[in-house]
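Visitor: Pasting the sequence and the predicted coordinates here, then a few questions.
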Amino acid sequence: MANLPEEQFMESIAAQVELQDARPAPASLKARIYSGLVLRQGESGPLASLTASRERGQRLCIFEQLVQIVPVGETVKSLNICRVCHARVLAEHFETPPIYWTGCPYVEFKKS
């Protein structure tokens, strides 16, 4: 096997592995990945404002709707509101967190 190209070597190993039933990723893992991605996205520049997100047809959670209608600048509306939301914390630590409002991505993770 030492003479096989890397791709063929990996394919031969994969052919010997017995696959188990596919299971969806845990909701808490999805929540942590999502939080990390949004945090990382915010490091590279401002996020889309809540006003722009809503205009594109994206659903906002109740807390994002509140921030979106408050008379503050678009800079504030571009902050990652989820960073301070209790739904994020619950979703990252529990498989079935007690969160139910519409538009919240963390609620969607527990459904899938």
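Guide: Yep, that arrived.

Visitor: Please make it C-alpha for all contacts and neighbour counts, starting now.
Guide: Noted.

Visitor: Quick one: neighbours of residue 101, just the number.
Guide: Residue 101 has 15 neighbours, counted by other Cα atoms under 10 Å.

Visitor: For it, pull up the helix or strand it's in.
Guide: Per DSSP states H and E: residue 101 is located in neither a helix nor a strand.

Visitor: got the buried residues for stretch 54-64?
Guide: By neighbour count with 16 or more other Cα atoms under 10 Å, stretch 54-64 contains the buried residues 59, 60, 61, 64.

Visitor: mind checking pLDDT for the third one?
Guide: In this case it means residue 61. With respect to pLDDT, residue 61 scores 92.

Visitor: is it true that it touches residue 107?
Guide: No - between residue 61 and residue 107 no contact is recorded; they are 9.9 Å apart, counting by Cα atoms under 8 Å.

Visitor: Just the buried residues of stretch 54-64: which are in helices?
Guide: Residues from these lying in helices, with DSSP state H as the criterion: residue 64.

Visitor: What score does the spatially most central residue of the chain have for pLDDT?
Guide: Centroid-nearest residue in the chain: residue 34, 2.2 Å away (criterion: Cα atoms, centre = their mean). If you check residue 34, the pLDDT there is 95.

Visitor: Same check on residue 7?
Guide: So residue 7 comes in at 85 (pLDDT).

Visitor: where's it relative to residue 50, distance?
Guide: 45 Å (Cα to Cα, to the nearest Å).

Visitor: in what helix or strand does residue 66 lie?
Guide: With DSSP H and E as the test, residue 66 turns up in helix 62-69.

Visitor: mind saving the C-alpha coords of that helix as PDB?
Guide: Output of helix 62-69 as PDB, limited to C-alpha atoms (Å, rounded to 0.1, in the frame of the first residue of the first chain):
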ATOM      1  CA  ILE A  62     -38.600  39.200  18.600                       C
ATOM      2  CA  PHE A  63     -35.500  40.800  20.000                       C
ATOM      3  CA  GLU A  64     -34.100  41.700  16.600                       C
ATOM      4  CA  GLN A  65     -37.400  43.200  15.700                       C
ATOM      5  CA  LEU A  66     -37.300  45.400  18.800                       C
ATOM      6  CA  VAL A  67     -33.700  46.600  18.000                       C
ATOM      7  CA  GLN A  68     -34.800  47.100  14.400                       C
ATOM      8  CA  ILE A  69     -37.600  49.500  15.300                       C
END
